[in-house]
Each structure stands twice: as C-alpha cells, then as structure tokens.
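Asks: Model the following, please.
(one chain, ligands or ions: 1)
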Amino acid sequence: MERRTIGAAALGVGAVGLGCMPMSWAYSSSQQHGETSMRAVHTALDAGMSLLDTADMYGPFTNELLLGRVLRERRRDAFVSTKCGLLVGEQHIVANGRPSYVRRACDASLRRLQTDVIDLYQLHRADPEVPIEETWGAMAELVTAGKVRALGFCAVGARADRRAGADIHDGTIRALERVQQVFPVSAVQAELSVWSREALERLLPWCEVRGVGFLAAMPLGNGYLTGALTTGGGFEPDDLRARHPRFTAEMMAANQPIVAGLRRVARRHGNATPGQVALAWVLAQGRHVIPVPGTKKPHWVTENAAASRLVLREGDLAEIARLPPAQGSWD
Ligand SMILES: NC(=O)c1ccc[n+]([C@@H]2O[C@H](COP(=O)([O-])OP(=O)(O)OC[C@H]3O[C@@H](n4cnc5c(N)ncnc54)[C@H](OP(=O)(O)O)[C@@H]3O)[C@@H](O)[C@H]2O)c1
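Replies: Predicted coordinates:
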C-alpha cells in the first residue's frame with residue numbers, strides 16, 4: 001500500500017487506515033464478534049493499513065483491549081492511534097480534560113493496548129470546564145515522558161458547537177491555534193466524505209499549510225456510500241444510524257443519487273465498488289489525508305485497502321463534485 005507521511009514528527013502510515021469503532025461501539029452490538037474483529041485487524045495489517053484508530057471510550061475500553069490482543073504479537077506492523085477525554089456514564093458521555101485524568105487515561109490505554117508507546121494520542125473532545133492549554137500541556141508531557149509519539153486533535157463534534165453563520169470548523173481552528181502555542185499538532189481528525197464535505201472549506205487547507213495530517217473519519221458515510229445498505233432497512237436501537245437524520249427511510253431514498261453517481265464512476269474503473277470510489281475521493285483531497293474507514297469484517301477491510309490503488313481521473317472528480325448535496329440535516 002502507498003505510504004503517506006503526516007505531521008511535524010513525519011509519521012509514516014499506510015494511505016488508508018482502519019477505523020476500529022464499529023467492532024465495539026456505535027453500531028449494532030449484536031453484530032460485534034471479537035474473533036471476527038481480530039481477523040479484520042490482522043487483515044488490515046497484512047494489507048499495509050497500519051493506522052489503527054481506536055479510543056478508550058469505544059466499548060468503553062473493550063476496543064483497546066481487543067487491539068491489545070493483536071498488538072502484543074504485531075506491534076511493529078501497526079501505527080496505534082487512540083484518544084482520551086470522553087467518559088462514558090450510565091446516561092451521558094462527558095468530557096474530562098483535567099491533567100491528572102489525562103495522565104491516568106494514558107497509562108490505562110497503554111496497559112489495555114499492551115504496548116509501551118502510543119503513536120498518536122488524540123484529544124477526543126475539549127472539556128469546556130478546563131482551559132484547553134492545560135489539557136494539551138498534560139498530553140505534551142506524555143510525549144516528553146516517551147509514552148506517546150505525537151498528538152492529535154479530534155473535531156468530529158464540531159457541528160454541535162457551530163455558531164450561526166460561521167464555518168462549521170471556525171471553533172476548531174481557534175482551538176487548534178491555541179494548542180499549537182503549547183505543543184505541535186500532528187494530526188486533526190474530522191468527518192470528511194463525499195456527502196460531508198465541510199472540512200474542505202477551511203480545516204483541510206489549515207492542516208495542509210502547516211504540514212498537519214488529516215484523519216478522515218466516517219469516509220464511507222457510516223456505510224451509506226458503499227451502496228450496501230438497503231433503503232429503510234431499520235437499525236437496532238444502539239446503532240447510531242437509528243437516530244441519524246440521514247438514515248430515515250425517506251432520506252436514505254432521497255440520497256440514492258449520490259450512491260448512483262459513485263456507482264457510475266466505479267463502473268469506469270473495472271471491478272471497483274462505490275465504497276472504493278468514496279475512499280479514493282477522500283485520498284484525492286491531499287497527500288496529508290488518511291481515510292480511516294471503519295469495519296469489523298475482514299472482506300470489507302480487503303476491499304477498503306484496495307481503494308488505495310484506485311486513482312480517480314479529473315473527469316471522475318468533476319462528476320463527484322457535481323453530485324447533489326446530501327439531504328437530511330442535524331440542524
Ligand atoms: N473522533 C471521533 O469522534 C470519531 C467519530 C466517528 C468516527 N471516528 C473514527 O472514524 C472511523 C470511521 O467512521 P465510522 O466507522 O463511523 O464510519 P464509516 O467508516 O463511514 O462507515 C462504517 C460503516 O461502513 C460499513 N462498511 C465498511 N466498509 C464497508 C464496505 N467495503 N462495504 C460495505 N460496508 C462497509 C461498516 O460495516 P461493519 O461495521 O458491519 O463492518 C460500518 O457500518 C471510526 O471507526 C473511528 O475510528 C472518530
């Protein structure tokens with residue numbers, strides 16, 4: 001697989017990473033099986049998809065434990081990307097950015113992951129009760145202590161914090177400018193896909209000019225862009241798509257022209273799939289961009305890895321640019 005280099009620390013990773021969240025969190029738990037997920041991780045590493053993206057709150061904790069079982073045998077093949085700063089309670093998820101907590105969270109992640117260093121340690125969400133410089137300073141100390149190689153900043157929740165009339169990522173960029181004063185940001189993680197392109201406006205260019213890597217979360221539109229989801233199929237109550245405005249039967253039908261467009265492009269590339277075109281589009285947004293498609297199925301890992309060999313032509317990109325905007329909004 002093509003390798004890409006991200007961040008001031010020049011971190012080398014496979015161009016496509018593996019999002020490990022669906023193995024333990026956010027999607028139907030009845031379909032989560034540890035042995036299959038572990039095979040998916042091995043398949044990814046075999047294919048050169050070195051970046052494994054997890055978080056302490058996926059499970060909570062079980063996703064890191066699962067990865068730890070692979071990493072104790074294959075640490076050298078992997079680039080470990082995890083996150084801290086969100087606590088899962090009975091009813092709520094809350095941010096915790098206190099320095100003492102960050103230090104404890106890192107030690108706990110290292111234990112669960114069965115490793116002595118985390119390649120990329122990301123702040124999952126800023127804590128509104130703690131100045132972000134304090135949280136980031138504690139994370140920087142982990143680099144000095146050799147527990148972490150580089151720091152990353154997640155902006156997936158930016159939509160919720162948007163001010164009227166502002167770019168969705170204005171607040172993210174303000175926060176990034178503040179933490180950069182404390183310690184360099186090596187990677188930003190935010191949603192980017194054919195049907196969620198907001199990051200292209202300001203956030204992606206901000207990263208590019210500063211040599212900061214960009215981890216594209218949800219590059220397959222939570223599975224929709226693969227065309228594998230049957231319209232109005234219904235989702236289990238613990239599946240994020242059961243409450244997602246784009247996954248009502250009505251919106252899934254309304255957004256079919258987007259999948260049809262990806263399918264048209266795919267047909268021009270032999271046996272390519274719409275999902276592979278969606279990933280190739282993300283890869284085409286810049287050499288600093290690493291899509292992290294999530295899956296727990298080995299055969300889909302193989303399909304997603306092969307997207308790194310799919311090079312879209314000008315005409316393909318122009319056709320995707322002309323696709324209708326997605327319907328179904330959180331606002
Ligand atoms: N920082 C944050 O706050 C944050 C938030 C969200 C996501 N993320 C990261 O971004 C990663 C990706 O996001 P995501 O997993 O939510 O969404 P995604 O990658 O857009 O889509 C995942 C869904 O697509 C399905 N899928 C994957 N490959 C497929 C293929 N080739 N054909 C058909 N279906 C396929 C998966 O099914 P199966 O699960 O059944 O395999 C899963 O339901 C996460 O795993 C996580 O690491 C981070």
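
Asks: What is the burial count for Arg174?
Replies: 10 (other C-beta atoms under 10 Å). Where C-beta positions appear, they are placed from N, C-alpha and C, glycine not excepted.

Asks: State the distance from the residue in the stretch 151-300 of the chain that the ligand sits nearest to to Ala253.
Replies: The stretch 151-300 of the chain approaches the ligand most closely through Gly294 (2.0 Å), counting by C-beta to the nearest ligand atom. Per C-beta to C-beta, to the nearest Å, Gly294 is found 24 Å from Ala253.

Asks: Have a look at the two and say which one is more surrounded.
Replies: Gly294 (23 against 11).

Asks: Tell me what that one is bridged to.
Replies: Beta-bridge partners for Gly294, by DSSP bridges, are Gly19.

Asks: pretty sure it is touching Met21, no?
Replies: Yes: assessed by C-beta atoms under 8 Å, Gly294 is found in contact with Met21 at 5.1 Å.

Asks: got any residues that touch both of the two?
Replies: The contact sets of Gly294 and Met21 do not overlap (C-beta atoms under 8 Å, 6 or more residues apart in numbering).

Asks: tell me the contacts of the residue nearest to the spatial centre of the chain?
Replies: By C-alpha atoms, centre = their mean, the mean C-alpha position of the chain lies nearest to Ala217, the distance being 2.8 Å. With contacts defined as C-beta under 8 Å, 6+ apart, Ala217 is in contact with 19, 53, 154, 156, 189-192, 292.

Asks: again, but for Val282
Replies: Contacts for Val282 (C-beta under 8 Å, 6+ apart) come out as 192-194, 216, 219, 289, 291.

Asks: Please identify which two of these are farthest apart in space.
Replies: Between any two of the contacts of Val282, the greatest separation by C-beta to C-beta is 13.4 Å, found for Val194 and Val289.

Asks: Let me have the contacts of Ala217 in TSV, extended by neighbour count and distance to the ligand.
Replies: TSV is the format used below for these (neighbours: other C-beta atoms under 10 Å; distance: C-beta to the nearest ligand atom, whole Å):
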residue	neighbour count	distance to the ligand
Gly19	26	2
Asp53	27	4
Cys154	22	4
Val156	16	3
Gln189	24	5
Ala190	25	8
Glu191	21	7
Leu192	23	10
Val292	23	5
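
Asks: Out of the residues you listed, name the ones that lie in helices.
Replies: Using DSSP state H, no member of the contacts of Ala217 falls within helices.

Asks: Residue numbers of the stretch 201-331 of the chain in contact with the ligand?
Replies: Proximity of the stretch 201-331 of the chain to the ligand is confined to 217-223, 226, 228, 275, 292-297, 300, 303-304 under the rule C-beta under 6 Å from any ligand atom.

Asks: go again using 8 Å as the cut-off
Replies: Residues of the stretch 201-331 of the chain lying close to the ligand by C-beta under 8 Å from any ligand atom are 215-229, 240, 273, 275-276, 291-297, 299-301, 303-304.

Asks: May I ask which of the contacts of Val282 has the most neighbours?
Replies: Pro219 (30 neighbours).

Asks: Residues in contact with the host helix or strand of Thr5: which ones?
Replies: Using DSSP states H and E, Thr5 falls within strand 3-6. Contacts of strand 3-6 from elsewhere in the structure, counted by C-beta under 8 Å, 6+ apart, are 11-15, 48, 186-187, 212-214, 287-290.

Asks: quick one: that strand to chain centroid distance?
Replies: Mean-position distance between strand 3-6 and its chain equals 16 Å (C-alpha atoms, centre = their mean, to the nearest Å).

Asks: Now do the buried residues in it.
Replies: 4, 6 (16 or more other C-beta atoms under 10 Å).

Asks: Over to stretch 239-254?
Replies: Residues 239-241, 246-247, 251-252, 254 are the ones in stretch 239-254 that count as buried (16+ other C-beta under 10 Å).

Asks: For Gly152, which residues count as its bridge partners?
Replies: Beta-bridge partners recorded for Gly152 (DSSP bridges): Gln122, Ala187.

Asks: Which stretches in the stretch 51-200 of the chain count as strands?
Replies: For the stretch 51-200 of the chain, strands defined by DSSP state E, counting those that start in this stretch occupy the ranges 51-53, 79-84, 86-88, 93-95, 118-123, 148-154, 187-191.

Asks: I'd like the next helix or strand past the last one.
Replies: Taking DSSP H and E as the definition, the helix or strand that follows strand 187-191 towards the C-terminus is helix 203-210.
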